[in-house]
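>>> Whatever this is, show me its structure:
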Amino acid sequence: ICVLAMLLSTASAARHDVMRVQQHRASAEAEGKMVPREINLALRRAQKSAQERLVDLEKAEATASAAKENAASAATTKMSLMEDVKAKTTQQQAQVERSRQAMTDAEEAASKHLNHAGDFEDALAKWNGFSKDVEGMQENVTRMEDKLDAKTRERDAAEEDMMGKKGVVLSANKMKDEAAKAAADADQEAQKAQQELRSLQATFDKAVFKAAKAEAESKEADGVARNAKNDHDDGKRTVELIQKLRMAVEAFYGAVDEFAYSDAPTGQSEVVKDPQLRAAYEKYNDMATIFAELHKFSPDTYQKVKPSLEEINRNYQESIATKCDPTGELSDEDGEPLPGFEEHCETEKWRMRPPARFLKFTEVAKARLQAVDGKILVAIVLPPAMDTCVPVVELAPPRFDVDTQKHEFCAYLEEHGYAVVADVASCADVATARSLMWDFLEAFPQTKVRRDDVKTWDDRYDWLPNPSNGILHGFGFGQSDFMWHLRLLPKVKAAFAAIWRTDDLLVSFDGGNIFRPWRYKRDWLTAGGWFHCDQNARFEDSKGKVCVQGLVTLFDANAESGGLVVIPGSHRCHEAICKRSVLAKRAGDFVPIALDDPILKQGAVLLRAQAGDLLLWDSRTVHCNTPSLTASEVEVDPVPRPDGWQPIRQVGYVCMTPRKFASREVLEKRKDAFVNNGSTSHWPHKFVSGGYPLPTAVPNDPQKISE
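Numbers count the residues shown, from 1 in each chain. Sure thing, here's the model as predicted:
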């Protein structure tokens, strides 16, 4: 049983191995992709399995023979058990037959397996040959790939060359398109030019006709031109006389001031011997001479300024009376002396300082004279003449940042004589300054001016700024909260510190300027064309760059508002201008420019600026302010504005120079002016008084004086 079981097992294993080999062979034939190593391994395993099965079969035969011998021996020795053994033998024989059959099957299977092994050897040989072919094909493929790479590189180079040529072609096509477009544009321009030519031809024909007509009227035109020139010359002379009158009035008041402050003799009989009084009288005669010439040259103008002469005369007499009678007890309501006046003047000593009523009288009289004077200039209409007209155009100059562009704006100022520094005042600073200006105007004694009522901004309601140029000076304005608010802005001082390269500076006690809205009332337009420079080269201390003026604007400055006008580069011709000026010989640092001065032919520019900007100009630069450049194009429209009427210009003049320029005497006078609410000109280091403060002004605390 054991032998048969072993044989069955062996036969089954052989059959299984044969089936596996057949499957491997079928798979190899179907795919043709098995690598030689796997085929060899499969073949070796099949051969080994076949050999093992043969050994098993031999063992099975040996076992069967032994069993047969044992059976015969058992039959002989165990007769008693024959029947049982015979039955078993029969079974064993059947099993042997089956084993033999199995062995036969195994032999056949082994034979088949050997045949299959031979087939595998043939297949392996074929596979090896195929592998060699494949290796050869791979080598060919490698060579083809190398050739392909070379061809690819050649193709890439060719493509790059092609792209370059394509770019050239595209560029050429683009140039061709542009040329075609340019040609089309040129054709259109040519057609347009032909149309314009035809139009010009028609215009020329009309002009020829008009010229023929004008030729017939030439004699009449010549007469009109001569009359216009005469009118212009007369008007020019009138303006010059008015300017001379201004200077004479200032000189007269200076002499009167010196007389009023002088330590004069004690008796009236000595009054006429007082040198200051004689000087004032000489200045008065100068004014009278100019008035007489004005009467001869322009009777109408003379009638307009005659009241100012009477005002000056009353002021002159009042100053003398005040010296003798400071309390006014010996004069009637009209200022005429009462009995005992002469006797009193013989015994009473004159006071060193005139009383407050005299100061107020002189200040108000001067303001009225300026108002009359300004209206005269506005009323004079000069016929246009090429040698006197000063063209003014609007200019938007660069706006420099004082923090980051100090060198740039200083260089621009040196080159052009002016510069604009942006945003030295914030929006809040601007709003505060506007309100402080109105605070000062509304605080004037007995004034009716109110910021929210445009009707009260008229001259008859004590409007303090000069109607002819908008300047507000005197009345203690130089020490107002408005002016100190602007002077103390950090960026204002930073700008002047950059100009002078030091922060040890003095500031002027200067004034301001207001333009009323001319759209509400055209009479509020100021006068332009009063070109001047504020530095006289005839003085040794006024040569070269010694002063730079400035203003902080609280509203936008443009052609509609008017504002600061300068002649760019005129500071480089300063000494020549002063030499040509006849008025400069008798003037201080205010040098009016004659209407026929060649510097005016260069033209002037109105500087655009934004609210909060600082406008700077060299004092040698020819300048003035001008009214709106668009007023003639716009109708007056007094309809109330939703947000109320506002001034169109509101500025504060600020000037700073190095402290080392000033003498000790000037520094002491400046301290006194600060305490007593005094104003000055634009010069910080020259003490030029700018009018008297109001009698109601409260002295300032000297502890607030900044060194």
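>>> In this structure Val390 contacts Leu606, no?
No: between Val390 and Leu606 there is no contact under C-beta atoms under 8 Å: 11.5 Å. (C-beta placed from N, C-alpha, C; glycine too.)
>>> Neighbour count for these two, which is higher?
Leu606 (24 against 21; other C-beta atoms under 10 Å).
>>> hey, what's the more buried one bridged with?
Beta bridges link Leu606 to Glu394, Val565 when assigned by DSSP bridges.
>>> ok, now which ones touch it?
392-395, 557-559, 562-565, 626, 629 (C-beta atoms under 8 Å, 6 or more residues apart in numbering).
>>> swap in Asp541?
Listed by C-beta under 8 Å, 6+ apart, the contact set of Asp541 reads Lys686.
>>> What distance do you get for Ala180 to Glu189?
15 Å (C-beta to C-beta, to the nearest Å).
>>> average model confidence for stretch 507-516?
For stretch 507-516, the mean pLDDT works out to 94.
>>> send the alpha carbons of it over as CSV?
The C-alpha coordinates for stretch 507-516 follow below in CSV (Å, rounded to 0.1, in the frame of the first residue of the first chain):
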residue,chain,number,x,y,z
VAL,A,507,11.6,137.4,11.2
SER,A,508,10.0,140.5,9.8
PHE,A,509,7.0,142.2,11.5
ASP,A,510,5.3,142.5,8.1
GLY,A,511,1.7,142.6,7.0
GLY,A,512,-0.7,140.7,4.8
ASN,A,513,-3.0,140.9,1.8
ILE,A,514,-6.6,140.3,1.0
PHE,A,515,-8.4,140.4,-2.4
ARG,A,516,-12.2,140.7,-2.1
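>>> Show me where the stretch 401-550 of the chain has its helices.
For the stretch 401-550 of the chain, helices defined by DSSP state H, counting those that start in this stretch occupy the ranges 406-416, 427-442, 481-487, 490-500.
>>> got these as TSV, with distance to Val454 and mean neighbour count columns?
Below are those laid out as TSV (distance: least, C-beta to C-beta, whole Å; neighbours: other C-beta atoms under 10 Å):
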stretch	distance to Val454	mean neighbour count
helix 406-416	37	17
helix 427-442	12	17
helix 481-487	20	21
helix 490-500	30	19
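>>> looking at those, which is closest to Ile599?
Distance to Ile599, taken as C-beta to C-beta, is lowest for helix 406-416 among the helices of the stretch 401-550 of the chain, at 14.7 Å.
>>> and that closest one with helix 490-500, angle?
Orientation note: helix 406-416 sits at an angle of 60 degrees relative to helix 490-500 (axes from the mean of the first three to the mean of the last three C-alpha atoms, to 10 degrees).
>>> neighbouring contacts of helix 406-416?
By C-beta under 8 Å, 6+ apart, helix 406-416 touches 397-398, 400, 402, 419-421, 495, 498-499, 548, 568-569, 616, 618.
>>> What subset of these is buried?
Among the contacts of helix 406-416, the ones that count as buried by 16 or more other C-beta atoms under 10 Å are 397, 400, 402, 419-421, 495, 498-499, 548, 568, 616, 618.
>>> Show only the entries of the residues you listed found in strands.
By the criterion of DSSP state E, membership of the buried ones among the contacts of helix 406-416 in strands covers 400, 419-421, 548, 616, 618.
>>> Out of those residues, name the two that are farthest from one another.
Pairwise over those, using C-beta to C-beta, the maximum falls at Phe400 and Asp618, 15.7 Å.
>>> ok, back up a step: and which of the contacts of helix 406-416 is nearest Val454?
Using C-beta to C-beta, the contacts of helix 406-416 come closest to Val454 at Val420, 29.7 Å.
>>> Please tell me the pLDDT value assigned to the residue lying closest to Met437 once chain neighbours are set aside.
With sequence-adjacent residues excluded and distances taken as C-beta to C-beta, 6 or more residues apart in numbering, Met437 is closest to Phe482, at 4.9 Å. pLDDT for Phe482: 96.
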